[in-house]
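Visitor: Predicted coordinates and the sequence they were generated for:
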Amino acid sequence: MGEFRSVAIQAALRAGDILREHSGKVKEIEFKDEVNLVTEVDRLSEESIIQTISGEFPDHGILTEEAGVKESQSEYTWVIDPLDGTTNYAHDFPIYCVSIALEKSKEIVLGVVYNPNLDELFVAERGHGALLYKGREFDKTKRTISVSQTPELSKSLLATGFPYDIRTSEIDNLNHFTNFYKRAQAIRRAGSAALDLCYLAMGRFDGFWELKLSPWDTAAGSLLVTEAGGKVTDFSGGPFDIRLKEILASNGKIHQQMMSVLEHR
């Protein structure tokens, strides 16, 4: 995985530099629907990532948020979110990231998430744990990360988000939000699922749930959580897949408690 990891990190850092360079300077905003938007920076970041990855692995498949799917006969597919937290970015709210994952035969084997604002790079390889690199002097700053040890939901800090069709669909997560808010210590809604999962992996959050996400939102982050010792399932505790429309992730200790809350619709 060394070559894959190196290229993914290089792609994430380059894309992060683009986000940093254009921060506060967004000129073009398009709306996919009433609340889901895309900027020219999303596309610049995505083009940079695809160019970096395709230059090294031209036969690999690619699945991205903006460009869609590049079909391939290869067992490898890169799952890319060039800017997770576009709404935040468009408002110059500094919570967003680049997320890149590598899928091998439908299993995520590598995840890289880069937060350019804090210069934090999260890296996970299946079976090899999760790491955080702080700043560009990677060899000096690398450390293993792990989920929290918080044993009770009532003492937990949770994270979530809301679907883009919240104005039109009855399945809007507001019921779960209300139920959790009465049982957890607190909930944060930061606007970047990939970063929420990274923060869960390093112990800043204790649990996370959301629905109607896309593969690029959770591919890298879900691997980081499991490699950091956490648990990722669907709402009922079944196996998680990035193509599912619901995700429940936790430090493992409060997972059953969170599942019990999610049972109350």
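Guide: It's in. Residues are numbered from 1 along each chain as shown.
Visitor: Three-state assignment for the residue positioned nearest the centre of the chain, please.
Guide: Nearest to the mean C-alpha position of the chain, counting by CA atoms, centre = their mean, stands Ala194 at 1.7 Å. In three-state terms, and counting by DSSP: H, G, I helix; E, B strand; the rest coil, Ala194 is helix.
Visitor: who's in contact with it?
Guide: Ala194 makes contacts with 81, 84-85, 97, 99, 113, 217-218, 220-221, as judged by CB atoms under 8 Å, 6 or more residues apart in numbering. No exception for glycine: its C-beta is placed from N, CA and C like everyone else's.
Visitor: Report the spatially nearest residue to Tyr114, omitting neighbours in sequence.
Guide: Closest residue in space to Tyr114, ignoring its immediate chain neighbours: Ala12 at 4.0 Å, by CB to CB, 6 or more residues apart in numbering.
Visitor: can you count the residues close to the one you found?
Guide: Residues lying near Ala12 (other CB atoms under 10 Å) number 29.
Visitor: Help me confirm that it comes into contact with Leu110.
Guide: No. Under the criterion of CB atoms under 8 Å, Ala12 is not in contact with Leu110, lying 11.3 Å apart.
Visitor: Domain ranges for the protein, per the record?
Guide: For the chain, whose domains are defined here by automatic domain parsing, the residue ranges read 2-144, 153-262.
Visitor: Averaging pLDDT over each of these, report the lowest-scoring one.
Guide: Summarising mean pLDDT across the domains of the chain, the least confident stretch is domain 2-144, with a mean of 91.
Visitor: end-to-end on that domain?
Guide: Looking at domain 2-144, the gap from its leading to its trailing residue is 17 Å under the measure CA to CA, to the nearest Å.
Visitor: Same question for stretch 132-146.
Guide: Counting by CA to CA, the terminal residues of stretch 132-146 are separated by 10 Å.
Visitor: quick one on the thing from earlier: inside strands: which ones of the contacts of Ala194?
Guide: Secondary structure from DSSP state E places 81, 84, 97, 99, 113 of the contacts of Ala194 in strands.
Visitor: Next, format those residues as JSON lines and append neighbour count.
Guide: As requested, those are arranged in JSON lines below (neighbours: other CB atoms under 10 Å):
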{"residue": "Asp81", "neighbour count": "34"}
{"residue": "Asp84", "neighbour count": "27"}
{"residue": "Cys97", "neighbour count": "31"}
{"residue": "Ser99", "neighbour count": "33"}
{"residue": "Val113", "neighbour count": "29"}
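Visitor: Spatially, which two of those are the most separated?
Guide: When those are compared pair by pair using CB to CB, the farthest-apart members prove to be Asp81 and Val113, with a separation of 9.0 Å.
Visitor: Give me the common contacts of these two.
Guide: In the contact map built from CB under 8 Å, 6+ apart, the residues linked to both Asp81 and Val113 are 98-100, 194.
Visitor: Can you tell me which of these lies closest to Gly237?
Guide: Set against Gly237, the nearest of the shared contacts of Asp81 and Val113 by CB to CB is Ala194 (22.8 Å).
Visitor: I'd like to know how far the closest one sits from Phe177.
Guide: Remark: distance between Ala194 and Phe177 (CB to CB, to the nearest Å) = 20 Å.
Visitor: How about Glu3?
Guide: Here the distance between Glu3 and Phe177 works out to 42 Å (CB to CB).
Visitor: of those two, who's got more company?
Guide: Between Glu3 and Phe177, counting by other CB under 10 Å, Phe177 is the more crowded of the two (17 against 9).
Visitor: Was I right to think the more buried one contacts Thr160?
Guide: Yes. Checked against CB under 8 Å, the pair Phe177 and Thr160 is within contact range at 6.3 Å.
Visitor: which residues are common contacts for those two?
Guide: When CB under 8 Å, 6+ apart defines a contact, the residues bordering Phe177 and Thr160 alike are Ile187.
Visitor: now the helix ranked longest in the chain, how far from the centre of its chain.
Guide: For the chain, the helix reaching the highest residue count under DSSP state H is reported as helix 2-22. Relative to the chain's own centre, helix 2-22 is displaced by 15 Å; criterion: CA atoms, centre = their mean, to the nearest Å.
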